[in-house]
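Undergrad: My questions are about this predicted structure, shown below with the sequence.
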Amino acid sequence: MELSLTDAERELLVLVLEERQAHFLHEIAKAHHHHEFKHGLKKNCELLESVLEKLNAVPAGVTHC
């Protein structure tokens, strides 16, 4: 899949994803007795981290992520 973004769109997407990642981490910390729920949150958080790594690997000015 290829996605074309302007620099401003990319910056906004990274910001939104980082906020969501912080939310996942907070929920993971609170989910002490709910193993399956916690596992699902961790899996989603790992996927989100992967997307953020890919976005952050693209230099500013490059429009394909």
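TA: Good, I have the coordinates.
Undergrad: most centrally placed residue in this protein?
TA: Ranked by distance to the mean C-alpha position of the chain (CA atoms, centre = their mean), the top residue is residue 48 at 3.1 Å.
Undergrad: Pop out the phi and psi values for the residue located most distally from the centre of the chain.
TA: Going by CA atoms, centre = their mean, the residue of the chain most distant from its centre is residue 33, 24.7 Å out. When read as degrees, to the nearest 10, the backbone of residue 33 gives phi -100, psi 10.
Undergrad: sorry, back to before: next one: the residue nearest to the centre of the chain from residue 6, what distance?
TA: Separation of residue 48 from residue 6 (CB to CB, to the nearest Å) stands at 22 Å. Using the backbone N, CA and C atoms, a C-beta is placed for each residue, glycine as well.
Undergrad: before we move on, what about residue 55?
TA: On the measure of CB to CB, residue 55 and residue 6 end up 13 Å apart.
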